[in-house]
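# pasted the sequence and its predicted model underneath.
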Amino acid sequence: MTETLFGGPSLPPAYPERAAWGTAQKLRAWQSEAMEKYFQENPKDFLAVATPGAGKTTFALHIVTQLIARGIINRVTVVTPTDHLKRQWADAAAKVGIAIDPNFKNADGRHGKGFVGVAVTYAQVASKPMLHRAKTEAARTLVIMDEIHHGGDALSWGDGIREAFDPAARRLALTGTPFRSDTAAIPFVEYAEDKDGIRRSKADYTYGYGEALKDHVVRPVMFMAYSGQMRWRTSAGEEMAANLGEATTKDITSQAWRTALNPEGEWIPAVLAAADKRLTEVRRAVPDAGGLVIATDHEDARAYAAQLKKITGESPTVILSDDAKASDKIDAFSSGDKRWMVAVRMVSEGVDVPRLAVGVYATSTATPLFFAQAVGRFVRARKRGETASIFLPSVPNLMELANQLELERDHALDRPDKDPDGFMEEDAEMEEANREEKASDTLEKFKFEALESQASFDRVLFDGGEFGTGGAIGSDDEMDFLGIPGLLDADQMSVLLRQRQADQQTRRRKKAPAAAEPEAPPLVDHRMLMDLRGELAKNVSAWSARSGMPHGMVHSELRRICGGPAVAQANEAQLQTRMKKLQDWFIGRK
């Protein structure tokens, strides 16, 4: 018996036409390491968590070839969240000689002759779990559950895949996303209790964004944040105004955010035009680079597409979930060189369009789950030096998610009293605040009429740091960052961003009027400052206990609202201002 490229026996005689199996492209280091662990442990269940763009599909297909070659399995079922991903899996499998039927329907009963298995959706399995159980039992089946977190989307989905795939010979679960913050157990995922008594998901192999960035497997991501003044009218007829990102409550933040995303305002056209300028710069180095706008609903998607046509002179590809030709449109865009694609949610997860390099996050969905999947559409690296640029509203929770891109989160089966990441309560509250209004909705606090929106450049976020001093649309301060070259590795990007920020600070100093002769600074009472810092710390601790917000986030929010440096460098007036703001919070004053 001969050996394959991957160290296993050659394919059995029953598959002579599959000689290409086991001779696919060279594996990345993480894929080889994960495969080695898989075959050392030889598990029935294996959960691999790898950042979007790292190559989970390739890893899984190599597992398939080995298991078939070793006679462990002779059938494959791939489960995905969407119809488009079924086709994407089938296409990827075909490239390595594995015939997967993505067109199988429950009514068919059995898949077509010549196929080794099928690709189905979670919803498809949930609707006929006993049918899929019978298919699983009829052969030595490997079940690949792509984006396994969807097993917790609905009770019927979790129950369905548990019923259908319990008798499988092997199960391989994949995800590239921080697990959701609900507490529904995901079938076939192992949970382990931590020191706080919280049961959390336990992956068999994890490959995070930070590791992938160091390995040049994914692109560095630069977030371009835009702020601006918003004005809207409540259902009671009251006109309100706020600067995006400086609102004092979640409700006002949500309404200002939704006002910014209104296609009839000035914010969206300005940000789309800025993103297109960035795309033009990237295409100087990467001629086929494309852009994606992620919209909240179909109406907004069509309106954003119309605005992009005015900006570029080219009609963008529009992807709507109820379009029967959506998959064909995605494939055509992926293989072409059109500038822009506009989609609602369909392209946010799993869909592979490697040439996407510029994104506009024009949706009010703000959970870590959705944000990570959306960002994942832009990070797949094709060659060293390609970068990703994502434009987004300058609102606190998006800024937090952008700054914590490398954070790895397990699925907590038991909701802790205090979430150390500060996300669980935030997820639920923002989902409620951002939910789409229905005609029967009587909760007037979320109803509003967008009146006016203006955009301004706020800052750039990269690798946990913030750069830029803000500026008007079209200003030199904005163009400094829009014009960054399209081919830079992460270290080069960091150096250039620091240089651009230094240039802006120098430019502003030169423009500032000459200062009068400074007076001698007053003597600083170090004991008084120490007492103030201690008092502030006690108040922050009390607010943290009351609100559930971690101490660090309370300090960050106070600093954002009140200005000034970190506590250790703050003067008496700055510390007193933060104390006053905390007092306002305790008495419910905005």
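Done, it's in.

# dump the residue contacts of M493.
For M493, the set of contacting residues under the criterion of CB atoms under 8 Å, 6 or more residues apart in numbering consists of 220, 222, 387, 462-463, 484. For every residue, glycine as well, the C-beta is placed using N, CA and C.

# what do you get for D300?
Shown in contact with D300 (CB under 8 Å, 6+ apart): 261, 263, 362.

# and it, what pLDDT?
The model reports D300 with a pLDDT of 94.

# A366 too?
Among the per-residue scores, A366 shows a pLDDT of 78.

# my guess is V375 contacts V221. True?
Yes: taking contact to mean CB atoms under 8 Å, the distance of 6.3 Å between V375 and V221 places them in contact.

# wait, A60 sits on T175?
No: here A60 does not reach T175: they are 11.7 Å apart, not a contact under CB under 8 Å.

# identify the residues contacting the nearest residue to D297 once chain neighbours are set aside.
With CB to CB, 6 or more residues apart in numbering as the criterion, D297 has its nearest non-adjacent residue at 6.2 Å, and that residue is V344. V344 makes contacts with 294-298, 301, 319-321, as judged by CB under 8 Å, 6+ apart.

# redo that, cut-off 10 Å
V344 makes contact with 293-301, 318-322, 363 under the criterion CB atoms under 10 Å, 6 or more residues apart in numbering.

# same check, this time on E478
E478 is in contact with 224, 226, 274, 277, 456-458, 460, 468, 470-472, counting by CB under 10 Å, 6+ apart.

# buried residues, the helix or strand hosting it. List them.
With the criterion set as DSSP states H and E, the secondary-structure element containing E478 is helix 476-482. For helix 476-482, burial by neighbour count (16 or more other CB atoms under 10 Å) applies to 477-478, 480-482.

# one more: stretch 119-128?
The neighbour-count check on stretch 119-128 (16+ other CB under 10 Å) flags 119-126, 128 as buried.

# so for that stretch, mean pLDDT?
Computed over stretch 119-128, the mean pLDDT rounds to 93.

# distance between it and the chain's centre?
Distance of stretch 119-128 from the chain centroid (CA atoms, centre = their mean, to the nearest Å) equals 25 Å.

# first vs last residue of that stretch, how far apart are they?
Taking CA to CA, to the nearest Å as the measure, stretch 119-128 stretches 15 Å from start to finish.

# rewinding a little: report pLDDT for the residue nearest to D297.
86.

# just the one 4 residues further on next, same as before
The predicted structure scores S348 at 55 on the pLDDT scale.

# coming back round to it: among the buried residues of stretch 119-128, name the ones in strands.
With DSSP state E as the criterion, strands contain 119-121 from among the buried residues of stretch 119-128.

# distance to G109 added to the residues you listed, as CSV?
Written out in CSV, the entries for those read as follows (distance: CB to CB, whole Å):
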residue, distance to G109
A119, 16
V120, 13
T121, 17
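
# show me where the stretch 101-250 of the chain has strands.
For the stretch 101-250 of the chain, the strands defined by DSSP state E, counting those that start in this stretch occupy 117-121, 141-145, 170-175, 191-193, 199-201, 205-207, 221-227, 229-234, 239-243.

# swap in the stretch 301-450 of the chain?
The residue ranges that make up the strands of the stretch 301-450 of the chain, judged by DSSP E, counting those that start in this stretch, are 317-319, 340-343, 356-362, 388-393, 448-453.

# out of those strands, flag the one nearest F188.
Among the strands of the stretch 301-450 of the chain, the nearest to F188 by CB to CB is strand 340-343 (30.3 Å).

# can I get the CA coordinates of the closest one in PDB?
As requested, the backbone C-alpha atoms of strand 340-343 are provided in PDB (Å, rounded to 0.1, in the frame of the first residue of the first chain):
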ATOM      1  CA  TRP A 340     -18.700  47.900  -5.600                       C
ATOM      2  CA  MET A 341     -21.200  45.400  -4.200                       C
ATOM      3  CA  VAL A 342     -24.100  46.300  -1.800                       C
ATOM      4  CA  ALA A 343     -25.700  43.600   0.300                       C
END
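
# separation between T65 and I561?
In this structure, T65 lies at 56 Å from I561, with CB to CB, to the nearest Å as the measure.

# which of the two has more neighbours?
Neighbour tally, T65 and I561, criterion other CB atoms under 10 Å: the higher count belongs to T65, 24 against 13.

# my guess is the more buried one meets K95, correct?
No: in this structure, T65 sits apart from K95 without contact. The criterion is CB atoms under 10 Å, and the distance is 11.9 Å.

# helix, strand or coil: sort out V460 for me.
Here V460 is strand, with the state taken from DSSP: H, G, I helix; E, B strand; the rest coil.

# can you list the buried residues in stretch 66-77?
Within stretch 66-77, the residues that count as buried by 16+ other CB under 10 Å are 66-69, 73-77.

# what about the residue nearest to D297, distance to N397?
For V344 relative to N397 (CB to CB), the value is 20 Å.

# what about V353, how many neighbours?
Using other CB under 10 Å, V353 is surrounded by 17 other residues.

# need the nearest residue in space to it, chain neighbours excluded.
Distances taken as CB to CB, 6+ apart place S334 nearest to V353, at 4.5 Å, with adjacent residues excluded.

# mind checking how far the most centrally placed residue in the chain is from V379?
What sits nearest the mean C-alpha location of the chain, by CA atoms, centre = their mean, is A372, with 1.7 Å. From A372 across to V379, the span is 10 Å (CB to CB).

# overlap in contacts, the two.
Common neighbours of A372 and V379 are listed as 51-52, 176, 209, 405 (criterion: CB under 10 Å, 6+ apart).

# name the SS class of E557, please.
The three-state label for E557, taken from three-state DSSP, comes out as helix.

# pretty sure G97 contacts A69?
No: shown here, G97 and A69 do not form a contact pair, counting by CB under 10 Å, at 11.5 Å.

# does the residue nearest to the centre of the chain touch P52 like I think?
Yes: in terms of CB under 10 Å, A372 counts as a neighbour of P52; the distance is 7.3 Å.

# so where is the stretch 251-400 of the chain shaky, pLDDT-wise?
345-350 (pLDDT under 70).

# now swap in the chain and tell me
Residues of the chain that meet the criterion pLDDT under 70 lie in 1-25, 152-155, 178-184, 247-248, 345-350, 406-447, 512-527, 589-590.

# can I see the domain layout of it?
Listed domain ranges for the chain are 16-213, 219-407+450-479, 526-586 (source: automatic domain parsing).

# pipe those domains into CSV and attach distance to K510 per row.
Putting those into CSV (distance: least, CB to CB, whole Å) gives the following:
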stretch, distance to K510
domain 16-213, 36
domain 219-407+450-479, 12
domain 526-586, 23
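
# and the ones you listed: which comes nearest T506?
Within the domains of the chain, the stretch nearest T506 is domain 219-407+450-479; the backing value is 10.8 Å (CB to CB).

# the helices in the stretch 401-550 of the chain, which residues?
Counting by DSSP state H, counting those that start in this stretch, the stretch 401-550 of the chain has these helices, from start to end: 424-434, 476-482, 490-511, 526-547.

# ah, wrong one, I meant the stretch 1-150 of the chain
In the stretch 1-150 of the chain, the segments counted as helices under DSSP H, counting those that start in this stretch are 29-41, 56-69, 83-95, 122-127, 129-137.
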